[in-house]
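> model the structure of this input:
(2 chains)
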2 protein chains.
Amino acid sequence: MVQGAIDFARQHPEHQVILVGQSSVVEASLAAESSHRPANILVRDAPQVIDMAAKIAALKENPDDSMQVCARMVRHGEADAMVLCGNTACSVAASQLHLGRIPGVKRAGILTPLPNPTGSTWVCDCGANSVCKPDWLVQFAEMTCAFLKCYQGWEKPRVGVLSIGAEEGKGDSLTTEVLDLLRQTDLEVVGNVEGNDIFKGTSDIVVCDGFTGNVLLKTAEGVSSIISRILKDSIGQSLRCRLGAWLMLPAFNQLRERTSWAKVGGCLLLGVNGITIIGHGRSRRDAVESALLQAARCVTTDVLSGLRRHIQSLRTTV
Amino acid sequence: MVQGAIDFARQHPEHQVILVGQSSVVEASLAAESSHRPANILVRDAPQVIDMAAKIAALKENPDDSMQVCARMVRHGEADAMVLCGNTACSVAASQLHLGRIPGVKRAGILTPLPNPTGSTWVCDCGANSVCKPDWLVQFAEMTCAFLKCYQGWEKPRVGVLSIGAEEGKGDSLTTEVLDLLRQTDLEVVGNVEGNDIFKGTSDIVVCDGFTGNVLLKTAEGVSSIISRILKDSIGQSLRCRLGAWLMLPAFNQLRERTSWAKVGGCLLLGVNGITIIGHGRSRRDAVESALLQAARCVTTDVLSGLRRHIQSLRTTV
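Okay, here's the model as predicted:
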């Protein structure tokens, strides 16, 4: 993680990276990773640690863990954004606890881009709320639209509801209610989409409850891994395949560029009153660098103001 | 589909294949596909048709559609098993309507094998019940164990509950209740598993509600497709990659052998009182052949008796 931060800091002298954690550990890592520390890397001490298996209650017992120190820094304007690569449930809770939500937002959702043939399909919620109400999903769609307008310049993204059949009426009571509510908004609604449609790009945005979204995200990760593992095993078995794999390196690199989690780096926690990027607990060097890039882009494209304005406009029209 | 049936019939003269559908259409297909029809292929007329977009109500209006004609044939012992490659919801309903469930079974579930590094992880329910009660999932686990004992000779498969965190207590009320109930059975319970764990093989069986299972299955399909598409696009761009891809053919074939849906062909509808294999609406030649093979193996390994005995033994011990 420290190496990823150093990479980002070197590439982006216009930004400052503050590493938050037990300062002795962080300083030792910094010294080990690089003899010449970039001037735009600072360290902030967070004496307490919350591990990956901890439950949300751990936040109360450890007010000075790195997640909460980060969140307070963002709240007080000492940082413009934060990247959290630890316990997801605690990251979500710490962020909502200290930053609060954008006025009018009912729940924050985890927003993740997944690859489709021409770019990305943005899925929300990928794990912040395991059980959801219909109007939360509608708001996830509204917020994702506002986000994409700032972040990508997309004017009228197409919204789909994740279900188990493309036809109207298929799914459960949540999906049918969400679709009904979405049709009453100004959004461009394509209807139900299925798991495979996400990777075809039949819509730009897909909303779902956080349980389903998290399973979806981790399934996508699992399928990528097993395909890569089976291919590697087969390649190892013959000289012919090894030579073929070497010749195919440019294609494999393109594939990695388009589908690797490391290229995404993290998911935006959409709806909190500050920029929070949730990284993976297993984030490595390149993933950390990507997550920092994403955080920086959220700040430079001012997605937070865009979100605030959009939510405000919806409240005044209702 | 007809070609797949011909392939199977030629390879397996010990089995008989009865093609059920509008007989004029089926006969025309048979004539077009093969000048010499295998003697072990018969045709049965089913004058009505239920299309992919139809709802379950269509079953009542079309009592002589191919799914219901098939189901009645299985019920009356005119066929030992059926493979349905149409509308999934109607296939599930037709099967339960005409075959009923094994005595003691609360709900039928769709069982699907997904690849892991050493073989398959069996997931149930992949779409028969979009909303589930905890005891149904426990029964899916029991039935899958009984099935795997007959079908694969596995004695003590490990059971996991699909959730959004490996730690005990993570998930929603359904997953925590299911885990509690499973711990009270004789099954070998590993605890919660996540979407990516399925493809690591941390358990042999994974239970989940049919909504999540269906999203999971279709996501897996979607990720495979996008990876293959991106690779093909990159390969097409350079001679070097095309040569590499040709050299790597044996590895790609192994990958297809291990991960392709066509090799699975269909999902068993677990719990109905007869062998029903639910194929994909888009099943092609090789997928149909695989589904027929699977149906035949279910019959020769007598999974139905194994399931009946196991469910019966559970009822007498309770």
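> what's around residue A:167, how many residues?
15 (other C-beta atoms under 10 Å in any protein chain shown). The way it works is simple: take the backbone N, C-alpha and C, and place the C-beta from them, glycine included.
> secondary structure class for it?
Of the three states, residue A:167 takes coil according to DSSP: H, G, I helix; E, B strand; the rest coil.
> tell me how far it lies from residue A:298.
37 Å (C-beta to C-beta, to the nearest Å).
> next one: the lengthiest strand in chain A to chain centre, how far?
In chain A, taking DSSP state E as the definition, the longest strand is strand A:109-116. Computed by C-alpha atoms, centre = their mean, to the nearest Å, the chain-centroid distance of strand A:109-116 equals 7 Å.
> relative orientation of the following helix or strand past that strand and strand A:109-116 in degrees?
Note on strand A:109-116: by DSSP states H and E, the next helix or strand toward the C-terminus is strand A:119-124. In terms of direction (axes from the mean of the first three to the mean of the last three C-alpha atoms, to 10 degrees), strand A:119-124 departs from strand A:109-116 by 160 degrees.
> can you mark which positions in whichever helix or strand comes after strand A:119-124 are buried?
As assigned by DSSP H and E, the chain's next helix or strand after strand A:119-124 is helix A:134-151. Across helix A:134-151, burial judged by 16 or more other C-beta atoms under 10 Å in any protein chain shown covers A:134, A:136-151.
> now the strands for chain A?
A:17-21, A:41-45, A:81-84, A:109-116, A:119-124, A:158-162, A:188-193, A:205-207, A:266-270, A:275-279.
> right, and those - which one's nearest residue B:186?
strand A:158-162 (36.1 Å; C-beta to C-beta).
> out of the strands of chain A, which is closest to residue B:98?
The closest of the strands of chain A to residue B:98 is strand A:188-193. By C-beta to C-beta, the value is 28.7 Å.
> quick check: buried residues in the closest one?
A:189, A:190, A:191, A:192, A:193.
> quick one on the thing from earlier: the strands of chain A into CSV, with extra columns for distance to chain B and mean pLDDT?
Formatted as CSV, those follow (distance: least, C-beta to the nearest C-beta, whole Å; pLDDT from 0 to 100):
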stretch, distance to chain B, mean pLDDT
strand A:17-21, 22, 97
strand A:41-45, 28, 96
strand A:81-84, 16, 96
strand A:109-116, 6, 94
strand A:119-124, 10, 95
strand A:158-162, 6, 97
strand A:188-193, 10, 96
strand A:205-207, 10, 98
strand A:266-270, 14, 94
strand A:275-279, 13, 94
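> between strand B:188-193 and the longest helix along chain A, find me the angle.
Longest helix of chain A, by residue count under DSSP state H: helix A:210-236. Counting by the same axes, to 10 degrees, helix A:210-236 points 110 degrees away from the direction of strand B:188-193.
> just the mean pLDDT for helix A:210-236, thanks.
Averaged across helix A:210-236, the pLDDT comes to 91.
> got the contact list for stretch A:40-56?
Under the contact criterion C-beta atoms under 8 Å, 6 or more residues apart in numbering or on different chains, stretch A:40-56 has outside partners A:5-6, A:9, A:12-13, A:15-23, A:26-27, A:30, A:58-59, A:62-70, A:73, A:86-87, A:89-90, A:93, A:281, B:167, B:169.
> chain center to that stretch, what's the gap?
From the chain centre to the centre of stretch A:40-56 is a distance of 19 Å (C-alpha atoms, centre = their mean).
> how about stretch A:82-102?
Put simply, stretch A:82-102 sits 12 Å off its chain's centre (C-alpha atoms, centre = their mean).
> distance between the ends of it?
End-to-end distance for stretch A:82-102: 16 Å, by C-alpha to C-alpha, to the nearest Å.
> flag every buried residue along that stretch.
By neighbour count with 16+ other C-beta under 10 Å, stretch A:82-102 contains the buried residues A:82-99, A:101-102.
> how far away is the most centrally placed residue in chain A from residue A:51?
The residue lying closest to the centre of chain A (C-alpha atoms, centre = their mean) is residue A:267, at 0.5 Å. Separation of residue A:267 from residue A:51 (C-beta to C-beta) stands at 21 Å.
> thinking again about what came up before, got the buried residues for the longest strand of chain A?
So, applying 16+ other C-beta under 10 Å, buried residues of strand A:109-116: A:109, A:110, A:111, A:112, A:113, A:114, A:115, A:116.
> run me through the strand neighbours of it, direction for each.
strand A:119-124 (antiparallel), strand A:266-270 (antiparallel) (DSSP bridges).
> any stretches of chain A with poor pLDDT?
For chain A, the stretches with pLDDT under 70 are A:261-262, A:281-283, A:317-318.
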